[in-house]
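Student: Next input, structure requested:
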Amino acid sequence: MPEKRKVVGLVIFILLISSLIGCIGFNERETLKVYHAGSLSGPFREISRGFEDEYTEVDVRREPAGSVETVRKITDQGQEADILGVADHSLIPDLMYPDDASWTVRIATNRMVLAHTEESAYVEEIDTDNWFNVLKRDGVKFGFSNPNLDPCGYRSQMVINLAEEYYGEEGLFEDLIEGYTNIELEGDEIIVPENIDMDTDKVMIRPAEMDLIHHLESGEIDYLFLYQSVVEQQEALEMVSFSEEIDLGSPEHSEFYQRVSLTKGCGESVTGEPIVYGVTIPKSVRNEERALDFMTFLLTEGKEMIEDMGQDPIDPPEVDRSEEIPEELKHLVEEIER
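Tutor: Residues are numbered from 1 along each chain as shown. Predicted coordinates:
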């Protein structure tokens, strides 16, 4: 009996302590829901940590995915998010105005590269001017994300199409893409079907670029179309840079980039342009006060964290609709011509 009384007493003590902690409020942290592109995982991880250090009462919960998929969670599935970050700024006005968002801040740039490991096939031979010939070789397998769901995916197709014209390699898109998938090129327009078929011995396609990295590291694929910043964040990866004329990272070549366009399976079209990331506070925001605090941190201290993760921050950040952005943020951004 004495032993039993000790156990009962211990249980009561634990319950009292738990109740006291709950009353004090140790378990009552605010949550902030952040949806973002997979290639923003590194920057947003560091920004979230810095934000939580400053706002200790807030728990930032991040959910990365392909940018199109991320937007669709809000517009089509009715999910609620406090912050939205995408790898293609144009997705916000094109897919979310006016019902789900009303402004976009452009925060950073990037460029496309071809990622590999030191074990990839023909790695000693590949360079900026012959990468497409290496990809053509028997036994070489490469990957890219789904163009219907992820900007990195449709940008990979654009790079190949631009390379065909830039290098005068007639039939390059057919050799690398049409020959192994049901993605087609009609003139300068890339047509992506809703359901993509592929020759899995040559090509690997996944919903988002981050889904393919471990396949590259394990040797299942030799090369992967990826963003430069993501490669720089992965110790095991190396890269072949593309010429600036085709890497979608140089504003001075915007006119050439615009020569290519892509139509997704849903019927939406995108035109080649320099890579620019965008953020907004969706109209589905649940915690507007903390969303504004997070956005302020992102547009100030966060710029250095973005740069540390391999992206070039736009300084000052640019907003497309200054009349719509909250007053608390107006002094942190510069309006751009629409």
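
Student: quick one: low-confidence parts of this structure?
Tutor: Residue ranges of the chain with pLDDT under 70: 1-27, 338.

Student: switch to 80 and redo it
Tutor: Along the chain, the model assigns pLDDT under 80 to residues 1-28, 337-338.

Student: what does stretch 281-290 contact?
Tutor: Residues from elsewhere that reach stretch 281-290 (Cβ atoms under 8 Å, 6 or more residues apart in numbering): 30-33, 55, 58, 74, 78-84, 96, 99-102, 291-292, 295, 326. No exception for glycine: its C-beta is placed from N, CA and C like everyone else's.

Student: Off-centre distance for it?
Tutor: Distance, stretch centre to chain centre, for stretch 281-290: 21 Å (Cα atoms, centre = their mean, to the nearest Å).

Student: Between the two ends of it, what distance do you get?
Tutor: 11 Å (Cα to Cα, to the nearest Å).

Student: Give me the buried subset of the contacts of stretch 281-290.
Tutor: 32-33, 55, 58, 74, 81-84, 96, 100-102, 291-292, 295 (16 or more other Cβ atoms under 10 Å).

Student: Looking at the residues you listed, which is nearest Q157?
Tutor: Nearest to Q157, judged by Cβ to Cβ, of these is M96 at 23.6 Å.

Student: check contacts around that closest one.
Tutor: 71, 74-75, 280, 282.

Student: top of those by neighbour count?
Tutor: T280 (28 neighbours; other Cβ atoms under 10 Å).

Student: tell me the contacts of it?
Tutor: 83-84, 92, 96, 101-105.

Student: which ones are touching E69?
Tutor: E69 neighbours (Cβ under 8 Å, 6+ apart): 149-150, 207-208.

Student: What count of nearby residues applies to the closest residue to S120 other than its chain neighbours?
Tutor: Leaving aside its sequence neighbours, S120 sits nearest to D222 (Cβ to Cβ, 6 or more residues apart in numbering; 4.2 Å). For D222, the count of nearby residues is 24 (other Cβ under 10 Å).

Student: do N133 as well
Tutor: N133 has 16 nearby residues by other Cβ under 10 Å.

Student: Distance of it relative to D94?
Tutor: 36 Å (Cβ to Cβ, to the nearest Å).

Student: before we move on, the earlier item: and the contacts of stretch 281-290, which of them are in helices?
Tutor: Judged by DSSP state H, the contacts of stretch 281-290 include 74, 96, 291-292, 295 as members of helices.

Student: Columns distance to D175 on top of the residues you listed, output as TSV?
Tutor: Formatted as TSV, the ones in helices among the contacts of stretch 281-290 follow (distance: Cβ to Cβ, whole Å):
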residue	distance to D175
I74	38
M96	37
A291	47
L292	50
M295	45
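
Student: Nearest to I275 among the residues you listed?
Tutor: Among the ones in helices among the contacts of stretch 281-290, and counting by Cβ to Cβ, the member closest to I275 is M96, at 19.1 Å.

Student: Relative to S284, how far out is that closest one?
Tutor: From M96 to S284 the distance is 10 Å (Cβ to Cβ).

Student: so the nearest residue to P316 once chain neighbours are set aside bridges to which residues?
Tutor: Ranked by Cβ to Cβ, 6+ apart and with sequence neighbours excluded, the top spatial neighbour of P316 is E334, at 4.6 Å. Beta-bridge pairing for E334 (DSSP bridges): E318.

Student: State the number of residues packed around E334.
Tutor: 14.

Student: Kindly report the same for V192.
Tutor: For V192, using other Cβ under 10 Å, the count is 22.

Student: give me phi/psi at it?
Tutor: phi -110, psi 120 (degrees, to the nearest 10).

Student: ditto for A115
Tutor: phi -80, psi 150.

Student: where exactly do the helices run in the stretch 201-338 of the chain?
Tutor: Using DSSP state H, counting those that start in this stretch, the helices of the stretch 201-338 of the chain run over residues 213-217, 228-233, 254-257, 288-299, 302-308, 327-330.
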